[in-house]
Structure formats: structure tokens, C-alpha cells
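**Student:** predicted model and sequence follow; I will ask about them next.
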Amino acid sequence: MVLAVKCKLKDAHKIKQTLIKEGILEKDYRMATDKEFAYIPIKKKIKKKGCSIIQKRLPKIERMTTLADVLKNKLSAAELKMLPSAYDIVGDIAIIEIKSELTPREKLIAEALLKLHKNIKTVVKKSGIHAGEFRLQKHKHLAGVRKKETVHKENGVVLKLNIDKVYFSVRSGTERLRIAKQVKNKENILVMFSGCAPFPLVIAKNSKPNLVVGVEKNKDGHKYALENLKLNKSITNVELLLGDVKKIVPKLNKKFDRICMPLPKSAEDFLGCALLASKKGAIVHFYDFLDEEDIPHKAIAKIKKHVENFKVLNVVKCGQFSPKTFRVCVDFIVL
């Protein structure tokens, strides 16, 4: 039983809209009608002219919040247990991983995801692993609009990208904001391996640097970065350069207050370059993939090979690569 407004059928729509505006409508139950009256669920007793407040048995709304909810009558109990518990949403594209046992059911699962999230227009699954110099990953279309390009919103910026042509980790959004919040006024910042410019743009949007320079070797990534700079019209202190970090950075003849190195697989190879571009007292954000038991000493050992005098300020787990391997950031200051 639930509290309900009993009103004439002809007045039901108008009264329901009023209840919604007043925040009184009980959204966990459905409205019911008979030949003369409507029964609208409410959260608390009220006074309405021409209406009465009664206790009424009304149908409860079943809300589907997980894939298992949507598919509970379409998959076996064993299959339901194998459903992905997490997936990435980049713009209006959902990226899922599906176990091989569920391959025959993958399109059904993708359609369920579209039903679950009205903001999703396309569902793809990861096809293979990140590979090549630019750590790109292919994706197979499963449901919805056939596309790979989307516009993603994060930390006050918009980012246009093609998920097959640009490396982009939606899960690093929190980490990008963490870095931005550390930036002091008028800093000059270098972002190596800047991709479609998520780090440069998030930093510029959420702090007050003098200049943020991004360097990216992937031509597709750089193309999207330039487009994203135009899309974020309020950001005017970002400079984006195409080319190899080791060739571009020495030619800048500039020293930076802060350097971001978001390339966990091989950032160590660029530490020497980062040191040459660092002011004394510069802060470097060095990323690495590490097993749990190797945090942080293996990353610090890599830094020691290239930087003689430094002090570790912070060690942060900022993502998980596999069950036992984490993306780790070591923030250190050059002494």
C-alpha cells in the first residue's frame, strides 16, 4: 500500500505535473486508473482541492540498473555470472570486454547495454590488445550506430577522438584532474605523449598555468588534439606540437616547471629528455606499470638511472592494468 492522490481522470495529467514540480510524486510506483478516477502515488500527505488522499495498492516500478537485470530472463544463471561487471563509456560509445564463452551472446548483451543506458548510441568490444608504438586498440561493432568517432566530456573539457586511431583512457580522468589541481599559477608545463590532448586541456581548464606544451608523435592523435583545442574555445594557453619527444623537446630551448610523462610502458626511455627540459625544482609525473609487490621501488630504481638528485613527493595508484598490475604515478621533484 502507498499514499495516493485520488482525482478525476480528466484532471490526472495536470495534477501529476504539479506533483512532479513540487517534488511530491512517488516515483517508485505507477499511477493507476479506473473508469472515473486516477490514483497518483505521493511521498507524503497533502491537500489538493477536489482530491482525496488514500492508501492504495499500486504497481511498483522495477528499475533495471545492471546488465544482469536486463538479461535475467534471456541468459542462464551461469551466463549471467560471466557478464562484464564494468565497461568504459567514451562519449556515447560503450566499450566492453566479453568472455569467449559469451561470444554467441555478445550482440544480445550489447543490445541490453543500449537499453540500460539511453545516452549510449554505440556498443563495441575490444578486439585484441593495445599494440604498436602508439598503443592503439581495435574494436568490433556489436550494436547501435556504426561509428568509432565520438565526443567525450571530462573535467570541463570536450574531447573528440576516434577510439581506433587514438590511445585514450577514460579511466585516467581522475588522474588528469589530480595533476591539474597541483599546478601553481603561471607554471610552464610540458606534456609528453599528449595524444588528443586530454592532459593539456584538463590542466589548462582547471588551473592557471602560463603555458602548457603537448608533444605527440601519432598524426591522428595530433589532428584530434588541434581540433579539440578549437572546440575548447576558452583555452588559449596550450601549444600542441607534432613529432618525436626526443627530437622536439631539445629544440624548444625551454625549461619547464612541471613535466607529465603518461606513457607507462616506456616512459623510462624519456627520463633523460625530461631532465634536460626541467628547471631546478621542477616536478615530474612519471608513470609506470608495476606489480603490487614492486610498488614503488622498481619505479624509483628506474628514475635513479637517469636523475641523480631528486625527491619523491607522492606515489599514486591511478589504474589497474591487470588483476595484479597497476598503473602507478611517481611524483618527484628535481633537486
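**Tutor:** Good, I have the coordinates. On a predicted model such as this, the values are computed, not experimentally measured, just so you know.
**Student:** domain parsing for the chain?
**Tutor:** 2-56, 67-147, 165-334 (automatic domain parsing).
**Student:** a markdown table for the ones you listed, including distance to N155 and mean neighbour count?
**Tutor:** Quick note: C-beta positions are derived from backbone N, CA and C, even for glycine. Formatted as a markdown table, the domains of the chain follow (distance: least, Cβ to Cβ, whole Å; neighbours: other Cβ atoms under 10 Å):
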| stretch | distance to N155 | mean neighbour count |
| --- | --- | --- |
| domain 2-56 | 30 | 15 |
| domain 67-147 | 14 | 15 |
| domain 165-334 | 5 | 18 |
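**Student:** identify whichever of these lies nearest to E154.
**Tutor:** For those, the distance to E154 is smallest for domain 165-334, at 4.8 Å, taking Cβ to Cβ.
**Student:** roughly how far is the closest one from the heart of the chain?
**Tutor:** Centroid displacement of domain 165-334 relative to its chain, using Cα atoms, centre = their mean, to the nearest Å, is 18 Å.
**Student:** returning to what we had before: let me know which of the domains of the chain is the nearest to V157.
**Tutor:** Comparing the domains of the chain against V157 with Cβ to Cβ, the closest turns out to be domain 165-334 (4.5 Å).
**Student:** measure the closest one end to end?
**Tutor:** In domain 165-334, first residue to last residue: 35 Å (Cα to Cα, to the nearest Å).
**Student:** before we move on, what about stretch 227-246?
**Tutor:** 24 Å.
**Student:** ditto for stretch 157-169
**Tutor:** One end of stretch 157-169 to the other measures 15 Å (Cα to Cα).
**Student:** mean confidence score for it?
**Tutor:** Averaged across stretch 157-169, pLDDT comes to 97.
**Student:** list of residues touching it?
**Tutor:** Contact with stretch 157-169 is made by 90, 93, 95, 124, 130, 134-139, 148-153, 195-198, 201-202, 205, 218, 220-221, 224, 227-228, 231-232, 235, 319, as judged by Cβ atoms under 8 Å, 6 or more residues apart in numbering.
**Student:** picking up where we left off before, now the domains of the chain as CSV including distance to V157?
**Tutor:** Output for the domains of the chain, formatted as CSV (distance: least, Cβ to Cβ, whole Å):
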stretch, distance to V157
domain 2-56, 33
domain 67-147, 13
domain 165-334, 4
